[in-house]
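Participant: sequence plus the predicted model coming up.
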2 protein chains.
Amino acid sequence: MFCSKACEYAIRSMIFLADQSQNDIVPISKLSQELEISFTFLTKVLQQLTEKGYLISYKGAKGGVCLGKAPEEISLDDIVQAVSGHNMKSICATGNPDCDGLHPCPLHDRWQPIQKMLGDFYKETNLENYKVSLIDKLIK
Amino acid sequence: MFCSKACEYAIRSMIFLADQSQNDIVPISKLSQELEISFTFLTKVLQQLTEKGYLISYKGAKGGVCLGKAPEEISLDDIVQAVSGHNMKSICATGNPDCDGLHPCPLHDRWQPIQKMLGDFYKETNLENYKVSLIDKLIK
DNA sequence: AAGAATAAAGACTAATTTGTCTTAAAATAA
DNA sequence: TTATTTTAAGACAAATTAGTCTTTATTCTT
Ligand code: FES
Ligand code: FES
């Protein structure tokens, strides 16, 4: 819905890897089993993350992938951008390609605060803090 | 991004119609010109809104479409649902088909407040109040 | 009654996304 | 070295979405 299937698979895979207590090397076959995603398709999706440095891949026996950066250095927005080529920063509710306020669509004023929170969520959520609910954050 | 092109076209068309001072009958050809959307494609999209009663269509010379209900009776969520068949109420950030809290994905806790605001936005925004910014609403 | 304007409907095409299959390349294990 | 395990890469197929084209039915105008 918000992003493509490919994006969703990427996010789920990255979270799975972040959940490994050590930054272990996990074969994509295992990821595909655990997350119930087609192995060959997942391989292609994760290649895009490897290209951008968010994953490191190892060929051969005992090979697989592991996080390429510290968990707090990888945001959901990074993942979305790597896989789908655009971020969640300027999404217009009516499909305007640039929701920048210069050429606002009729929904712009009302949509903007929602859009802002959405963009912040993707940018500020990373593989370290994704477990912390935003409500907890407000309580503290 | 959030919805399909068809959805975006539907929302833009409905807002255009709501902006007519009277609830005039507007030919789809005019909508397609003003909004720069393919005429034949737009015709098919708007047919779905006519089926659900959100539009009334008139064939023949001087024909066209007009709103089928009072503007405040038509929410963005109604439009999305009519055209794409699903609403914005339970959207999981990782593609989980039912984001209901029973089978939460790893992002659920953190995502939920955002999801709530998003759902409320689509449900509470209608063709009458879409111009009112949510910031204004808070100030009052 | 005849012609023009308009939505409806259905078959078709094009583009994009999703997914499969096969082969190659690299690394480990025996 | 040879076999096995794994990612990489590219061609292909299937599904979904977007868009076109043509015909029909309806309504207004003259
Ligand atoms: S231009 Fe549409 S929401 Fe900003
Ligand atoms: S199940 Fe994924 S956000 Fe609720």
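Facilitator: Arrived safely. Ligands and ions are numbered 1, 2, ... in the order given.

Participant: which residues of chain A fall in helices?
Facilitator: Taking DSSP state H as the criterion, chain A contains helices spanning A:5-19, A:28-35, A:39-51, A:76-84, A:108-124, A:134-139.

Participant: do you know which of those lies nearest B:Lys30?
Facilitator: B:Lys30 lies closest, by Cβ to Cβ, to one member of these: helix A:108-124, at 23.1 Å. Every C-beta, even on glycine, is put in place using the N, C-alpha and C of the backbone.

Participant: which secondary structure elements does that closest one contact?
Facilitator: Here helix A:108-124 touches helix A:76-84, helix B:108-124, helix B:134-139, going by 3 or more Cβ pairs under 8 Å, 6 or more residues apart in numbering or on different chains; DSSP states H and E.

Participant: try 6 Å
Facilitator: When contacts are defined as 3 or more Cβ pairs under 6 Å, 6 or more residues apart in numbering or on different chains; DSSP states H and E, helix A:108-124 packs onto helix A:76-84, helix B:108-124.

Participant: would you format these as a markdown table with mean neighbour count, distance to A:Thr40 and mean pLDDT included?
Facilitator: Supplementary listing: these in a markdown table, determined by neighbours: other Cβ atoms under 10 Å in any protein chain shown; distance: least, Cβ to Cβ, whole Å; pLDDT from 0 to 100:
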| stretch | mean neighbour count | distance to A:Thr40 | mean pLDDT |
| --- | --- | --- | --- |
| helix A:76-84 | 21 | 16 | 96 |
| helix B:108-124 | 18 | 29 | 94 |
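
Participant: find me the pLDDT at A:Glu72, would you?
Facilitator: Reading off the confidence values, A:Glu72 has pLDDT 97.

Participant: which stretches of chain A have low pLDDT?
Facilitator: A:1, A:136-140 (pLDDT under 70).

Participant: compare the helices of chain A and give me the one nearest B:Pro104.
Facilitator: helix A:5-19 (12.5 Å).

Participant: stretch A:53-72 close to chain B?
Facilitator: No. On the criterion Cβ under 6 Å from any Cβ of the partner chain, stretch A:53-72 is out of touch with chain B, staying 12.7 Å away.

Participant: residues from chain A in reach of chain B?
Facilitator: Counting by Cβ under 6 Å from any Cβ, the residues of chain A that sit close to chain B are A:1, A:8, A:11-12, A:15, A:91, A:94-95, A:106-107, A:109-110, A:113-114, A:117, A:121, A:130, A:133-134.

Participant: please redo it, this time with the cut-off set to 7 Å
Facilitator: A:1-2, A:5, A:8, A:11-12, A:15, A:91, A:93-95, A:106-107, A:109-110, A:113-114, A:117-118, A:121, A:125, A:130, A:132-135 (Cβ under 7 Å from any Cβ of the partner chain).
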